[in-house]
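Asks: Could you work out the structure for the sequence below:
(one chain, ligands or ions: 1)
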Amino acid sequence: MTIRRFQPEDAQAVSDLIQTTMRISNKKDYPENLIESLAAEQTPEHVLERAGWTHFYVAEEDGQIIGCGAIGPYWGSENESSLFTIFVHPAQQGKGIGKAIVLILEQDDFARRARRIEIPASVTGLPFYQKMGYTFKNGVNSPDGEHLYRLEKHRIPDCSQNVLDLILSRRSYRGRYRPDKVPREHLRAILEAGLAAPSGCNKQTTSLIAVDDPALLERIRAVIDPPVAESAPAVICVLTRRIIAYRDRCFSVQDYAAAIENMLLAIVALGYQSCWYEGHITDTDRIGDKIARLLHVPGGYELVCILPVGIAEEEPKEPPKRPFDERAWLNGFPEAPGNGGYIHE
Ligand SMILES: Cc1cc2nc3c(=O)[nH]c(=O)nc-3n(C[C@H](O)[C@H](O)[C@H](O)COP(=O)(O)O)c2cc1C
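Replies: Have a look, this model is predicted:
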């Protein structure tokens, strides 16, 4: 079996495949008149139209098209995609062909650029997509008016190629956030990035708490005065323990600073925004201590920073930065004798 891109001359065979599969496989889950009206829509012209704005694939064996599937933008979105038209001929089901098609679709450019992939799943297809890691969108576990379940998967984009771009694009974001929840796997990925940071003598003095429970967020907001990050759907709280590394040296500040920068970069990599709120919550009014009490943080830990996480409603603002040559030099200070001091191209 091979999976290849659809060609216009496949349209008739794909149309036949979809209609046959609907009439046999979906029969047990839908009334016959509904199946017939949906199957009637799946003409070769309809297949061609869909293949025109998606990346459409077919699974082929011995010259026969036995499966198909497509991926395209979710309602024109640039960072959300949708899977469509996934069918495997009834005689070929149970052999892993559907899984192979979904895995190919998840490697397509439309999947790579997406932070979220949606599937309008039939009642028949639901258990298969759940096995492939898709979950109910917004927790809605019943079919919609089109008799389809809306399932989704949040992806962790592959940003390993763009680490330098990512570092340069990070900004402190203080605007409003969209209400979209941050998936738990993204929160976990951000926390893992934080814990991966170096720490002096590997004392690992930094601990983290992610908060996404709306009631708890509300209670935290109530103690942040003046308010910041009020609309963020999640917040990461950074805790430190002043553990001595050696003699009287304690690197806990450096440790949590490294962890915070790692997390800020992970947050941007995943398509969210944040801001390092430390001054605001460690000032004389000790907002951090109040948040720590709400989170049942035991003695010995200090809550030193909060990082909101969410999708930005506005563009982050670029603050003024002093020019490179005023802050970074080569082989000594610019005034060093016999030494230009500057890095030029
Ligand atoms: C230790 C530290 C504490 C900070 N505390 C706050 C804060 O309490 N409130 C705030 O709005 N920004 C805070 N920031 C963010 C800085 O204001 C921000 O990094 C700086 O203005 C440069 O902007 P940029 O992050 O977009 O490069 C803090 C940053 C650091 C490193």
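Asks: From now on I want contacts and neighbour counts done on CA atoms only, so please keep to that.
Replies: Fine.
Asks: you'd agree residue 198 is up against residue 254?
Replies: No. Using CA atoms under 8 Å, residue 198 is not in contact with residue 254; the gap is 9.1 Å.
Asks: any idea how this structure splits into domains?
Replies: Following automatic domain parsing, the chain resolves into domains at 2-154, 160-309.
Asks: could the ones you listed be laid out in JSON lines, adding mean pLDDT, distance to residue 343 and mean neighbour count?
Replies: Below are the domains of the chain laid out as JSON lines (pLDDT from 0 to 100; distance: least, CA to CA, whole Å; neighbours: other CA atoms under 10 Å):
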{"stretch": "domain 2-154", "mean pLDDT": "95", "distance to residue 343": "36", "mean neighbour count": "17"}
{"stretch": "domain 160-309", "mean pLDDT": "96", "distance to residue 343": "19", "mean neighbour count": "18"}
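Asks: Quick one, which of those domains gets closest to the ligand.
Replies: Nearest to the ligand, of all the domains of the chain, is domain 160-309, at 3.5 Å by CA to the nearest ligand atom.
Asks: Would you tell me what the next helix or strand after the lengthiest helix in the chain is?
Replies: Secondary structure of the chain per DSSP state H: the longest helix is helix 252-269. Elements were assigned by DSSP states H and E; along the chain past helix 252-269, the next helix or strand is helix 279-282.
Asks: That following helix vs the ligand: in contact?
Replies: Yes. Helix 279-282 reaches the ligand (CA under 6 Å from any ligand atom) through 279, 280.
Asks: Identify the residues contacting that helix?
Replies: Residues outside helix 279-282 that contact it (CA atoms under 8 Å, 6 or more residues apart in numbering) are 224, 287, 288, 304, 305, 306.
Asks: Ignoring the adjacent residues along the chain, who's closest to the first one?
Replies: Closest residue to residue 224 apart from its sequence neighbours, by CA to CA, 6 or more residues apart in numbering: residue 287 at 6.2 Å.
Asks: near the ligand, which residues of the stretch 101-250 of the chain?
Replies: Going by CA under 6 Å from any ligand atom, the residues of the stretch 101-250 of the chain near the ligand are 171, 172.
Asks: could you pull out the helices for the stretch 101-250 of the chain?
Replies: Using DSSP state H, counting those that start in this stretch, the helices of the stretch 101-250 of the chain run over 109-112, 126-131, 163-169, 184-195, 214-223.
Asks: Can you lay out those helices as a markdown table showing distance to residue 263?
Replies: As requested, the helices of the stretch 101-250 of the chain are arranged in a markdown table below (distance: least, CA to CA, whole Å):
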| stretch | distance to residue 263 |
| --- | --- |
| helix 109-112 | 22 |
| helix 126-131 | 30 |
| helix 163-169 | 11 |
| helix 184-195 | 5 |
| helix 214-223 | 19 |
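Asks: out of these, nearest to residue 207?
Replies: Nearest of the helices of the stretch 101-250 of the chain to residue 207, taken as CA to CA: helix 184-195 at 7.7 Å.
Asks: roughly how far is the closest one from the heart of the chain?
Replies: 11 Å (CA atoms, centre = their mean, to the nearest Å).
Asks: could you list every residue that touches residue 228?
Replies: Neighbouring residues of residue 228 by CA under 8 Å, 6+ apart: residue 174.
Asks: Quick check: it vs residue 292, distance?
Replies: 17 Å (CA to CA, to the nearest Å).
Asks: ditto for residue 318
Replies: Distance, residue 318 to residue 292, by CA to CA: 31 Å.
Asks: For residue 10, give me phi and psi.
Replies: Torsion angles at residue 10 (phi, psi; degrees, to the nearest 10) stand at phi -80, psi -10.
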